[in-house]
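# fold the stuff below for me.
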Amino acid sequence: MPSSLAAPVHAELIIKKSRFLGCVEAVPDRAAALARVAQLRAEHPGAAHVCWALMAGGQSAANDDGEPGGTAGRPMLEVLRHQDLDGVLATVVRYFGGVKLGAGGLVRAYTDAVAQALLKAEKVPMVRLRTLRCTLPYAQEGLLRREAEKAGAELVEVAHDALVEVTLRLPESAAEGFMASLGESGQGRIGWLSGPEDPLAPAR
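This is a model prediction of the structure:
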């Protein structure tokens, strides 16, 4: 099962007078990753390159930011893949020191900047979440809330109409037991509606 990171980690390398500032951090999606890269560009206006790699399921991507093709983003992505990470952004800010490193030297530098940062990382296992939707009488809302808290479920939405309609999210491994327990204590008056499957998320 893939892991994410508990907190951002950093590393700095000096190679032939070039500075490589590596950072690896958890991000929820590609939009958040691009926002973080834009923030780094603003923080480092004198940098020659801000290269990045995102490992996030179907949204994975890599960017060399002007370095020779395949010498930065792709090697960084391979480090994330090799460590079985997901929902993680790796960035390396390079300040050029005036000495060219060649393709092999660049691959090593960008790989090492990410790998060194990850040596200090605390990994968090990812769990597959499941979204459940149900309807129930008002009298049983308190019961559902208590059971949800016990199961570590997150209440996403609660709507009050003729019945209470609740959308909640919990680890997939706990879903069947939660539904069975509620079915029993709710005396069959809790109706389950179909809900979409959720992606992986860091365990809380």
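
# helices and strands of the chain: which one has the lowest mean pLDDT?
strand 197-202 (a mean of 54; mean pLDDT, DSSP states H and E).

# remind me what the biggest helix by length in the chain packs against, helices and strands.
Ordering each helix of the chain by length in residues (DSSP state H) puts helix 102-118 first. Packing partners of helix 102-118 (3 or more CB pairs under 8 Å, 6 or more residues apart in numbering; DSSP states H and E): strand 9-15, strand 18-26, helix 73-82, strand 88-95. (Each C-beta comes from the backbone N, C-alpha and C, glycine too.)

# looking at these, spot the one closest to Arg41.
For those, the distance to Arg41 is smallest for strand 88-95, at 8.7 Å, taking CB to CB.

# I figured Arg41 hits Val50, correct?
Yes - using CB atoms under 8 Å, Arg41 is in contact with Val50, at 5.3 Å.

# neighbour count: those two, which is higher?
Val50 (22 against 12; other CB atoms under 10 Å).

# out of everything not next to it in sequence, what's closest to Leu170?
In space, and not counting its chain neighbours, Leu170 is closest to Ala153: 3.7 Å by CB to CB, 6 or more residues apart in numbering.

# okay, now the sheet partners of the host helix or strand of Thr131, with direction.
In the assignment (DSSP states H and E), Thr131 maps to strand 123-136. Using DSSP bridges, strand 123-136 pairs in its sheet with strand 3-5 (antiparallel), strand 164-171 (antiparallel), strand 191-193 (antiparallel), strand 197-202 (antiparallel).

# most tightly packed of those strands?
Of all the strands paired with strand 123-136, strand 3-5 has the most neighbours on average by mean count of other CB atoms under 10 Å, namely a mean of 22.

# list of residues touching it?
Identification of contacts with strand 3-5 by CB atoms under 8 Å, 6 or more residues apart in numbering yields 24-26, 83-88, 121-126, 202.

# just the buried subset of these, written out for ChimeraX, thanks.
Selection of buried members from the contacts of strand 3-5 for ChimeraX, criterion 16 or more other CB atoms under 10 Å:
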select :24,25,26,83,85,86,87,88,121,123,124,126,202
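
# thinking again about what came up before, now the strand holding Thr131 against strand 88-95, angle please.
140 degrees (axes from the mean of the first three to the mean of the last three CA atoms, to 10 degrees).

# pLDDT on strand 123-136, on average?
The average pLDDT for strand 123-136 rounds to 84.
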